[in-house]
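Novice: give me a 3D structure for the following:
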Amino acid sequence: MTIYQKYKNHYRDNLNLAIPVVISQVGHTLVQTSDSIIVGHFAGTVSLAAVSLANSIFVILLVIGIGISYGSTPLIAQLNGREDFEECGKLLSNSLFLNVLTGIVLFAVTALCSILLLTHLDQTPEVVRQAKPFLMLLGLSIIPMLIFNTFKQFAEGLGFTRQAMLISIWGNVINICLGIIFVKGLFGIAPMGIKGVGYSTLIDRCLMALVMGLYVFKSSRFKKYLKSFVLTRISRLRGLQILKIGAPVALQYTFEISAFSGAAILIGTIGYHEQAAHQVAINLASITYMMGSGLSAAAAIKSGNYFGAKDHLNLRQSAISNYHIVLVFMLITAFIFTVGSQLLPWMYTSDKEVIAIAAQLLIIAALFQLFDGTQVVGLGILRGMGDVNIPTIITFLAYWVIGLPIGYLLGIPLHMGVKGIWYGLTLGLMTSAILLFFRFQFISKKHRDKTVLIIAQD
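Specialist: From the prediction side, this is the model:
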């Protein structure tokens, strides 16, 4: 009870900020979830494996874009903490330009992957054939998604989180409805198969970008920030400021997600049933990860506010309260995965072989929930404080030196199959969570002690 009393105010403040962000973040994953469910039930196991293959490549490019867009949020939060409203507007101009440019580059890379890479990954030929057009459509959708993210990160950096949440909810409803219509072929439209969910995702993200942009420019609450917004006034210095945080964040996400994507490709060499089961389990785990990611984004905003105001005592308490919140979140989801391991895969497919494998993976997923949540919150807290370089090294070591190599060793040479690969990923998450927590303790105590010393001297 004493711990609760100590952090009670921070729990309330952080949850009020985090819950809309969590719902908005989950929206990114629910697009893939709805795609997987629609394809699994209406197009079959091979098509579901194709979704897994395309997503395993696309998600790497997606998180690069998301990571770069995140670079503006702690800067906006720190500027707002210092009440520098004019600079916030200028930063938005540069963030929009940078994110559109990033989206175009990432689409070009996606197109190259679809044309040149997919046929050389030792995957089932029919899976590759279906994955190619789907990957191209996903790649095109990244441009409007990053425009949406530009305005979302700007609003969230200022503490306004509910509108992005509402747009994400309605966006997912539209995506599901259009996906079913296009895949199944309703209202006179010819059945499109897997391409149908690609078109629904593209349309959904275009609409979300448009509505989020209109919200920011039309709302009176942003007027004092937008007085200095001029799209043609692009500053190299401000672009570098965003990239100084955004690029390492993009690398952090890339190291983690690419390890999981590498695992999906390794699993694809075992068989398409295993690949489809991996898609089911990783998709469910991704939903809970995005909950943690939403808490992480809120933690970055709060720590950025406190860091900008040089209030390191409250920064530390707020950060620790976020660790408590994410642990409770992940304990609940771990329980759900354990109890529902046999039932949850039925949402995606009726293939009994796929369900049996996915059920085993969900038991492992229940274990790594705790590590996944704590490591992503640790990244958010450190990002808000502007500490991004050492955490980037930590994520590389955790996933590419420990997680994926051990997963490969257990899964392929030691013949533990898909479960062995997942054991390696769990070890990588555990390593990242522990090292990032130690990093937070070191940095936050150093700033706190410095503040206490200055107060004592005064």
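
Novice: the strands in the protein, which residues?
Specialist: Ranges of strands within the chain: none, based on DSSP state E.

Novice: any stretches of the stretch 151-300 of the chain with poor pLDDT?
Specialist: Applying pLDDT under 70 to the stretch 151-300 of the chain flags residues 191.

Novice: any idea how far Asp387 is from Ile257?
Specialist: Distance, Asp387 to Ile257, by CB to CB, to the nearest Å: 21 Å. C-beta coordinates here come from the backbone N, C-alpha and C atoms, glycine included.

Novice: got the confidence number for Ile455?
Specialist: Predicted confidence (pLDDT) at Ile455: the value is 47.

Novice: oh sorry, the question was meant for Arg129
Specialist: pLDDT, Arg129: 78.

Novice: now for the spatially closest residue to it that is not a sequence neighbour: which residues touch it?
Specialist: Among residues not flanking Arg129 along the chain, Ala50 sits closest, at 8.0 Å (CB to CB, 6 or more residues apart in numbering). Ala50 is in contact with Val39, Glu126, Val127, Val128, Arg129, Gln130, Ala131, Phe134, Ile194, counting by CB atoms under 8 Å, 6 or more residues apart in numbering.

Novice: quick one: which of these sit in helices?
Specialist: Judged by DSSP state H, the contacts of Ala50 include Val39, Glu126, Val127, Val128, Arg129, Gln130, Ala131, Phe134, Ile194 as members of helices.

Novice: from Val46, how far off is the residue minimising distance to the centre of the chain?
Specialist: Nearest to the geometric centre of the chain sits Met290, at 5.5 Å (CA atoms, centre = their mean). Distance of Met290 to Val46, computed by CB to CB: 27 Å.

Novice: now do Pro133
Specialist: Distance from Pro133 to Val46, counting by CB to CB: 15 Å.

Novice: count the neighbours of Thr124 for me.
Specialist: For Thr124, the neighbour count with other CB atoms under 10 Å is 18.

Novice: ok, it touching Ala49?
Specialist: Yes. Under the criterion of CB atoms under 8 Å, Thr124 makes contact with Ala49 at 6.9 Å.

Novice: shared neighbours of these two, anything?
Specialist: Here Thr124 and Ala49 have Gly268, Tyr272 as joint contacts, going by CB under 8 Å, 6+ apart.

Novice: and Asn322, how far is that from Gly292?
Specialist: Taking CB to CB, one finds Asn322 at 10 Å from Gly292.

Novice: okay, and the common contacts of these two?
Specialist: Both Asn322 and Gly292 are contacted by Val377, under the criterion CB under 8 Å, 6+ apart.

Novice: residues contacting the closest residue in space to Tyr11 that isn't next to it in sequence?
Specialist: Counting by CB to CB, 6+ apart, Ser321 is the residue found nearest to Tyr11 once chain neighbours are left out, at 5.3 Å. For Ser321, the contact set (CB under 8 Å, 6+ apart) comprises Tyr7, His10, Tyr11, Asn14.

Novice: just give the closest residue to His324, not the sequence neighbours.
Specialist: In space, and not counting its chain neighbours, His324 is closest to Tyr7: 6.6 Å by CB to CB, 6+ apart.

Novice: ok so, going back, with the ones in helices among the contacts of Ala50 in mind, which one is nearest to Ser219?
Specialist: Among these, Phe134 lies closest to Ser219 (CB to CB), at 35.8 Å.

Novice: count of neighbours near that closest one?
Specialist: If we define neighbours as other CB under 10 Å, then Phe134 has 27 of them.

Novice: looks like it contacts Gly196 (just checking).
Specialist: No. Look at Phe134 against Gly196 with CB under 8 Å: they stay out of range, at 9.3 Å.

Novice: any shared contact partners between those two?
Specialist: With CB under 8 Å, 6+ apart, Phe134 and Gly196 have no common neighbours.

Novice: for the stretch 301-450 of the chain, just list every one of the helices.
Specialist: When assigned using DSSP state H, counting those that start in this stretch, the helices of the stretch 301-450 of the chain occupy the ranges 312-339, 352-384, 389-396, 404-411, 417-457.

Novice: quick revisit: check the gap between the residue nearest to Tyr11 and Asn314 for me.
Specialist: Taking CB to CB, one finds Ser321 at 10 Å from Asn314.

Novice: shared neighbours, the two?
Specialist: Listed as contacting both Ser321 and Asn314 by CB under 8 Å, 6+ apart are His10.

Novice: now do the contacts for the residue nearest to Leu251 when sequence neighbours are not counted.
Specialist: In space, and not counting its chain neighbours, Leu251 is closest to Thr392: 4.9 Å by CB to CB, 6+ apart. With contact set as CB under 8 Å, 6+ apart, Thr392 has these partners: Pro248, Leu251, Gln252, Phe255.

Novice: redo that, cut-off 10 Å
Specialist: Taking CB atoms under 10 Å, 6 or more residues apart in numbering, we find Thr392 in contact with Ala247, Pro248, Val249, Ala250, Leu251, Gln252, Tyr253, Thr254, Phe255, Leu379.

Novice: output these in TSV, with distance to Ile169 appended to each entry.
Specialist: Formatted as TSV, the contacts of Thr392 follow (distance: CB to CB, whole Å):
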residue	distance to Ile169
Ala247	31
Pro248	31
Val249	25
Ala250	26
Leu251	30
Gln252	27
Tyr253	23
Thr254	28
Phe255	30
Leu379	26
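
Novice: okay if I get the residues you listed as TSV plus distance to Val59 and neighbour count?
Specialist: Shown next, in TSV, are those (distance: CB to CB, whole Å; neighbours: other CB atoms under 10 Å):
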residue	distance to Val59	neighbour count
Ala247	18	17
Pro248	19	22
Val249	16	27
Ala250	13	23
Leu251	15	21
Gln252	14	28
Tyr253	9	25
Thr254	10	22
Phe255	13	25
Leu379	17	32
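
Novice: name the nearest of those relative to Trp346.
Specialist: Comparing the contacts of Thr392 against Trp346 with CB to CB picks out Tyr253 as the nearest, at 30.4 Å.

Novice: and the nearest residue to the closest one once chain neighbours are set aside, how many neighbours?
Specialist: Nearest non-adjacent residue to Tyr253, counting by CB to CB, 6+ apart: Val63, 3.8 Å away. Using other CB under 10 Å, Val63 has 23 neighbouring residues.

Novice: wait, Val63 sits on Glu256?
Specialist: Yes. Between Val63 and Glu256 there is a contact under CB atoms under 10 Å: 8.0 Å.

Novice: hmm, Leu409 is touching Gly403, no?
Specialist: No. Contact criterion CB under 10 Å: Leu409 and Gly403 do not qualify, at 11.1 Å.

Novice: show me what contacts Thr254?
Specialist: Neighbouring residues of Thr254 by CB under 10 Å, 6+ apart: Val59, Ile60, Leu61, Leu62, Val63, Ile64, Gly67, Ser261, Thr392, Thr395, Phe396, Tyr399.

Novice: wait, the first one touches Gly139, no?
Specialist: No. Proximity of Val59 to Gly139 does not meet the contact threshold set by CB under 10 Å, at 11.7 Å.
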